[in-house]
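1. my questions concern the predicted model and sequence given below.
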Amino acid sequence: MTDPVTPPPDPMPPVEPMPAPPPPAPAASGAGRPADVGPRFLARLIDHILLGIVTSIIIVPLLIASAFSGVGTGSSFGFGFDFGVGSLIASIVTAIITIGYFALMESNMGQTVGKMALSLRTEGPAGGKPTLEQALKRNAWYALAIIPFIGGLAQLAIIIYIAVTISQSVAKVGWHDTFAGGTRVVTTK
């Protein structure tokens, strides 16, 4: 029999709390810190120089063919701009190539050629490479190139807005990063 003064033994021993994991070590080289607007702008400039070369190789023959066939002879509206079918096709092809380049490079490699050159990387919200959907969302504004004249002005306004939002953000996150669900651009070294 048990002694009335001594309580019966507890069937479950007390559980001791697990020790907290150590904080991550700071990166001595600065890798992984948010990238400033300057290097990000230069990376995009490098990418657009490369894209300009590629799209010119594709689009110039399209425009020449449309000029000789009479397809691209739209109205100039008195401004000297040809808003014809050939120009529209060139704008669509340019937008597809540009969005495709950025979305595929960022989702597959985490970097574009410009980002590689400047030691930058695009990350998804949870780290690692962004998904194709996130990369498409963060670069969707390039589709404005399809709209003649106004599309270029809208793109310029968005570029300025993105630069302002990156500069004002402590985490250096631009509007397009937020729109994509929280992507970010970080340094790799």
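-> Yep, it's here. Keep in mind the model is a prediction, meaning the values are calculated, not measured.

2. low-confidence regions, the protein specifically.
-> For the chain, the stretches with pLDDT under 70 are 1-4, 6-30, 66-83.

3. how about the strands in the protein?
-> Here the chain has its strands, by DSSP state E, at 120-123, 184-187.

4. what does the first one rub up against?
-> Residues from elsewhere that reach strand 120-123 (C-beta atoms under 8 Å, 6 or more residues apart in numbering): 35, 39-40, 43, 106, 110-111, 114-115, 129-130, 135, 138, 183-188. All C-beta atoms are positioned from the backbone trio N, CA, C, and that covers glycine.

5. swap in the last one?
-> Taking contacts as C-beta under 8 Å, 6+ apart, the residues outside strand 184-187 that touch it are 30-35, 39-40, 115, 119-123, 171-173, 177.

6. okay, which residue is most central for the protein?
-> Centroid-nearest residue in the chain: Arg138, 4.5 Å away (criterion: C-alpha atoms, centre = their mean).

7. grab the nearest non-local neighbour of it.
-> In space, and not counting its chain neighbours, Arg138 is closest to Ala180: 3.7 Å by C-beta to C-beta, 6 or more residues apart in numbering.

8. contact partners for the one you found?
-> Pro130, Gln134, Ala135, Lys137, Arg138.

9. that older thread, now, which of the contacts of strand 184-187 lie within helices?
-> Cross-referencing the contacts of strand 184-187 against helices under DSSP state H gives Pro39, Arg40, Lys115, Asp177.

10. any idea which of those residues has the most stuff around it?
-> Tallying neighbours with other C-beta atoms under 10 Å puts Lys115 at the head of those, with 27 neighbours.

11. who's in contact with the nearest residue to that one once chain neighbours are set aside?
-> When the adjacent residues along the chain are set aside, Lys115 lies closest to Ala43, with 4.7 Å between them (C-beta to C-beta, 6+ apart). Ala43 sits next to Thr112, Gly114, Lys115, Ala117, Leu118, Leu120 when contact means C-beta under 8 Å, 6+ apart.

12. the residues you listed: which two are farthest apart?
-> Between any two of these, the greatest separation by C-beta to C-beta is 9.9 Å, found for Thr112 and Leu118.

13. ranges for the helices of the protein?
-> Here the chain has its helices, by DSSP H, at 37-69, 85-109, 113-117, 132-139, 150-168, 175-179.

14. pull out the buried residues from the last one.
-> Neighbour counts over helix 175-179 (16 or more other C-beta atoms under 10 Å) mark Trp175, His176, Asp177 as buried.

15. and Glu159, how far from Leu45?
-> Not quite, residue 159 is Ile, not Glu. Counting by C-beta to C-beta, to the nearest Å, the separation of Ile159 from Leu45 is 11 Å.
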